[in-house]
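Novice: Okay, structure incoming, though there's no sequence with it:
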Ligand code: HEM
């Protein structure tokens, strides 16, 4: 059976996607401030993780043990807009590396779920204590990202109530 790892071009294909992705992260005003200046080690870890995530060799776990990704992201303020930006840049990297649409769609079902699971910080604007909403801010908000955050909160309440998938 062909895995997503194979469909993405194996180690070589995933390596190219990861490099393209971090080239974008480096220049992104929303993401770059929370990443280290030198992305070499970050890219190496992401490469090892994605090989394993998509059904290839378990390179990441061999070196670092259980991924526990949410815990490893907890020290970084991941807002809904950062999660959306991460997904957008990854989507561009897939396109630029010529991944076919079906493979991309399948891979993004998993990446989207994981990215939302990493979200651990509300949008700063949503918690601005002194601002009186004007008609224009009301028209512009809530953004998709804020709605995503609310949905995530809702899912969090459901699962902590113990009535679904994580229970
Ligand atoms: C949702 C948006 C995300 C943001 C803003 C984000 C941000 C970060 C940051 C700041 C680091 C630390 C970099 C370093 O210190 O080297 C990191 C590490 C990492 N991220 Fe993410 N990440 C996101 C989503 C994801 C997703 C969806 C995955 C996997 C599919 C992922 C996989 C990893 C891995 C494997 C590491 C290395 C962990 C380690 O230290 O061993 N991240 N991420």
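Specialist: Done, it's in. Bear in mind that the values here come from a model prediction, so they are computed numbers and not experimental data.

Novice: C-terminal to the helix or strand that contains residue 83, what's the next element?
Specialist: In the assignment (DSSP states H and E), residue 83 maps to helix 80-96. The helix or strand immediately downstream of helix 80-96 is helix 101-118, counting by DSSP H and E.

Novice: relative to helix 80-96, how tilted is that next one?
Specialist: 160 degrees (axes from the mean of the first three to the mean of the last three C-alpha atoms, to 10 degrees).

Novice: So which elements touch helix 101-118?
Specialist: Counting contacts by 3 or more C-beta pairs under 8 Å, 6 or more residues apart in numbering; DSSP states H and E, helix 101-118 is packed against helix 4-7, helix 69-73, helix 80-96. Any C-beta I mention is one placed from the backbone N, CA and C, and that applies to glycine too.

Novice: Tell me if the shortest one is near the ligand.
Specialist: Read it as helix 4-7. No. Using C-beta under 6 Å from any ligand atom, helix 4-7 stays clear of the ligand, coming no nearer than 12.0 Å.

Novice: residue contacts, residue 95?
Specialist: By C-beta atoms under 8 Å, 6 or more residues apart in numbering, the residues touching residue 95 are residue 104.

Novice: how much space between it and the ligand?
Specialist: Distance, residue 95 to the ligand, using C-beta to the nearest ligand atom, to the nearest Å: 17 Å.
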